[in-house]
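> would you be able to build a 3D model of this:
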Amino acid sequence: MQPNPLYRIGEAEVRDLVARAPWMLLVSHPASGPVASPSPVLLDDEHEGDGLVLVTHLGRADARLHGLLEPGEHRMLVVAQGEHGYISPSWYVGADAGQIPTWNFEMASMTCDVEVLDADANMRTLRKLVAHFESRYAPEGGVALDIDDDGNRGMAMGTVGLRLRVRSFDAKSKMSQNKSADTRASVLAHLDASHPALAERMRVADRDAAPAREA
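Model prediction:
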């Protein structure tokens, strides 16, 4: 992504984005060519003191396409995308009027070292993933993954658990910070009607930018 300090976000904001938008794209470039796979990703709370660390899994067929079943070191680009949407220049007022259309978005591209987990660690990762999403989407009577069940362990053989240690990241939250207060208010009014989740992210970005504007 094109660097712009106005939109740059740091590790704390990236952690928040990962927590809010766990469905991510895992990209690698093995000898056979570029490969991209979507997967649910969580922060690895077991390695909280080791910087930004993620856990996920892939189907074994996808892991093979990424070259992860081959010996050696592996690296992936993991892309997290939060709220995003089209911004019409017809919403701009004052000196901003007449500018071109744009897109507001929040995104982090994380370059990661990949650790392929053994069978037991993979089962624990699958249990963690299931527990996390069941608690969010099926809190009443949701299922739990019994990692000692032979059937579950057999099905888990078709998956490959991954621990992803983030070496670096490029992250931004572009939310009309470069526009006037009147224009931002106009954009928010339109988004409140059409995309309230994006409007809320704009308000968060506006609050974060307020101290810098006042300095």
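> can you pull out the helices in this structure?
11-20, 60-65, 119-137, 150-156, 181-194, 196-214 (DSSP state H).
> show me what the fifth one is packed up against.
Yep, that's helix 181-194 we're talking about. strand 74-87, helix 196-214 (3 or more CB pairs under 8 Å, 6 or more residues apart in numbering; DSSP states H and E). The way it works is simple: take the backbone N, C-alpha and C, and place the C-beta from them, glycine included.
> from what I see, A36 and H29 are in contact.
No - A36 lies out of contact with H29 (CB atoms under 8 Å); the separation is 10.0 Å.
> specify the beta-bridge partners of the residue nearest to the spatial centre of the chain.
Central residue of the chain (CA atoms, centre = their mean): A80, 2.4 Å from the mean position. A80 has these beta-bridge partners by DSSP bridges: A108.
> isn't it right next to V18, touching?
Yes - contact criterion CB under 8 Å: A80 and V18 qualify, at 5.6 Å.
> hey, what's in contact with both of the two?
Residues touching both A80 and V18 (CB atoms under 8 Å, 6 or more residues apart in numbering) are M24, V41, A108.
> scan those residues and report the most crowded one.
A108 (26 neighbours; other CB atoms under 10 Å).
> need the residue in the protein that's farthest from the chain's center.
Most distant residue from the mean C-alpha position of the chain: G94, 34.9 Å away (CA atoms, centre = their mean).
> picking up where we left off before, got CSV for the shared contacts of A80 and V18, with pLDDT too?
Listed next are the shared contacts of A80 and V18 as CSV, based on pLDDT from 0 to 100:
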residue, pLDDT
M24, 98
V41, 98
A108, 98
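> endpoints of stretch 137-153, how far apart?
Start and end residues of stretch 137-153 are separated by 24 Å (CA to CA, to the nearest Å).
> now what about it, what contacts it?
Residues from elsewhere that reach stretch 137-153, judged by CB under 8 Å, 6+ apart: A119, M123, R124, L126, R127, V130, A131, E134, S135.
> count the neighbours of L198 for me.
Neighbour number of L198 under other CB under 10 Å is 23.
> where are the low-confidence patches of this structure?
Judged by pLDDT under 70, the chain has its weakly predicted residues at 1-2, 210-215.
> any chance of the helices of the chain in JSON lines, plus distance to G85?
As requested, the helices of the chain are arranged in JSON lines below (distance: least, CB to CB, whole Å):
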{"stretch": "helix 11-20", "distance to G85": "15"}
{"stretch": "helix 60-65", "distance to G85": "29"}
{"stretch": "helix 119-137", "distance to G85": "23"}
{"stretch": "helix 150-156", "distance to G85": "38"}
{"stretch": "helix 181-194", "distance to G85": "7"}
{"stretch": "helix 196-214", "distance to G85": "5"}
